[in-house]
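Asker: Below are the sequence and a predicted model; questions follow.
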Amino acid sequence: MKSKNLPFYLMTVPAFLLFLVFHTFPALQGIFYSFTNWDGLSLDYNFVGLKNYLNLFKDGNILNSYLFTFKFAILSTIVVNVLSLMIAIGLNSKIKGKNFFRAVYFLPNVLGVLIVGFIFNFIFSNVIPQLGTKLDIGFLSMNILGSEKYAWLGIVIVAVWQACAFNVILYLSGLQTVPSELYEASSLDGANKWQEFWKITFPMIAPFFTINMVLSMKNFLMVFDQVVALTNGGPGRSTESISLLIFKSGFAGGEFAYQSANSVIYFIVIVVISVFQIKVLQKREMDM
């Protein structure tokens, strides 16, 4: 048995070592430095205990970044799952050229996030305002990325547009597992489309809904590229996400240890939210 398992160990060990060296060890280093005052460059540092963690809750910039990130993540998660499910149901129906439309809707997932962000930055900053001015439409004449009040909505639009591609594929996979006999039986019972969706479709794809909700929330809580490409955290610091704050202040602001503590809290928050979502949504699956 040992000789039979040897090839599997030989294939697993290199990947494990790479993961350990480039992921686990740096993560443990970050936790270690979070208890120090290291600036990321100097050779000397001192242990400060829980001082960094206590100061996090007094820092207005960090609290604002958490507020923005949660507001963005909650709205984006809801919108992307509603839109993705609606699109997937449409693509799963008997329409002409549905394979073509499936490829079109998956295309945003192939494009680079930064490239998409820069393209939408140009659209929001130039194309839409010029179009709004020519058509004399007031709200379109404004560059929303330059507004502290509305800039975050531009990030939501871009993030949702690109995230829909992956979510649609997952929902399509779930819809294709629903037996057609169930719909035939429901039609004989006189059920309408809404009753079919709520009583048959949604309960059958509930596991896919759980996966999409958890992954969407996790990805949106870690938003970084879209913010960098569209606003870089501005105007002011109104759209500064937690990831961007950690990156800018930790590597360029001399707050390596301080932001390492922020990263640890950030990681714990994401894990807690993900576990909570899984528990609640899986319980709902059982109730269905």
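Answerer: It's in.

Asker: Pull out the buried residues from stretch 49-65.
Answerer: 52, 53, 56, 62, 65 (16 or more other CB atoms under 10 Å). In short, each C-beta sits where N, CA and C put it, glycine included.

Asker: do stretch 67-82 as well
Answerer: Judged by neighbour count (16+ other CB under 10 Å), stretch 67-82 contains these buried residues: 68, 69, 70, 72, 73, 75, 76, 77, 79, 80, 81.

Asker: which one among those gets closest to residue 44?
Answerer: Taking CB to CB as the measure, residue 44 sits nearest to residue 69 out of the buried residues of stretch 67-82, at 33.3 Å.

Asker: Now do the contacts for residue 196.
Answerer: Residues counted as contacts of residue 196 (CB atoms under 8 Å, 6 or more residues apart in numbering) are 183, 186, 187.

Asker: Most neighbours of all these, which one?
Answerer: residue 186 (17 neighbours; other CB atoms under 10 Å).

Asker: show me the contacts for that one.
Answerer: Applying CB under 8 Å, 6+ apart, the residues contacting residue 186 are 195, 196, 199, 200.

Asker: before we move on, the earlier item: so of the buried residues of stretch 67-82, which ones are in strands?
Answerer: If you go by DSSP state E, these have nothing in strands.

Asker: all helices of the stretch 1-150 of the chain, in order?
Answerer: Along the stretch 1-150 of the chain, the segments classed as helices by DSSP state H, counting those that start in this stretch run 2-19, 25-33, 51-56, 60-92, 98-110, 113-122, 128-135.

Asker: counting contacts, what elements does the longest one pack onto?
Answerer: If contacts are counted by 3 or more CB pairs under 8 Å, 6 or more residues apart in numbering; DSSP states H and E, helix 60-92 sits against helix 98-110, helix 151-175, helix 206-221, helix 242-247.

Asker: As CSV, the helices of the stretch 1-150 of the chain with mean pLDDT and distance to residue 173 would be great.
Answerer: What follows is those, written out as CSV (pLDDT from 0 to 100; distance: least, CB to CB, whole Å):
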stretch, mean pLDDT, distance to residue 173
helix 2-19, 82, 27
helix 25-33, 92, 32
helix 51-56, 93, 40
helix 60-92, 93, 9
helix 98-110, 82, 11
helix 113-122, 91, 23
helix 128-135, 88, 35
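
Asker: quick one: which of these is nearest residue 281?
Answerer: Nearest to residue 281 among these is helix 60-92 (11.3 Å), distances taken as CB to CB.

Asker: just how off-centre is the closest one within its chain?
Answerer: 8 Å (CA atoms, centre = their mean, to the nearest Å).

Asker: Also stretch 26-38?
Answerer: 26 Å.

Asker: So for residue 49, what's the pLDDT?
Answerer: pLDDT, residue 49: 88.

Asker: same deal with residue 144?
Answerer: 91.

Asker: burial count for it?
Answerer: Neighbours around residue 144, by other CB under 10 Å: 21.

Asker: Give me the distance between the closest residue to it other than its chain neighbours and residue 140.
Answerer: Spatial nearest neighbour of residue 144, chain neighbours left out: residue 150 (4.3 Å); criterion: CB to CB, 6 or more residues apart in numbering. Residue 150 sits 12 Å away from residue 140, going by CB to CB, to the nearest Å.

Asker: Equivalent analysis for residue 8, please.
Answerer: Distance, residue 8 to residue 140, using CB to CB: 59 Å.

Asker: quick revisit: out of the helices and strands packed on helix 60-92, which gets nearest to residue 270?
Answerer: Going by CB to CB, the one of the helices and strands packed on helix 60-92 nearest residue 270 is helix 206-221, 5.5 Å.
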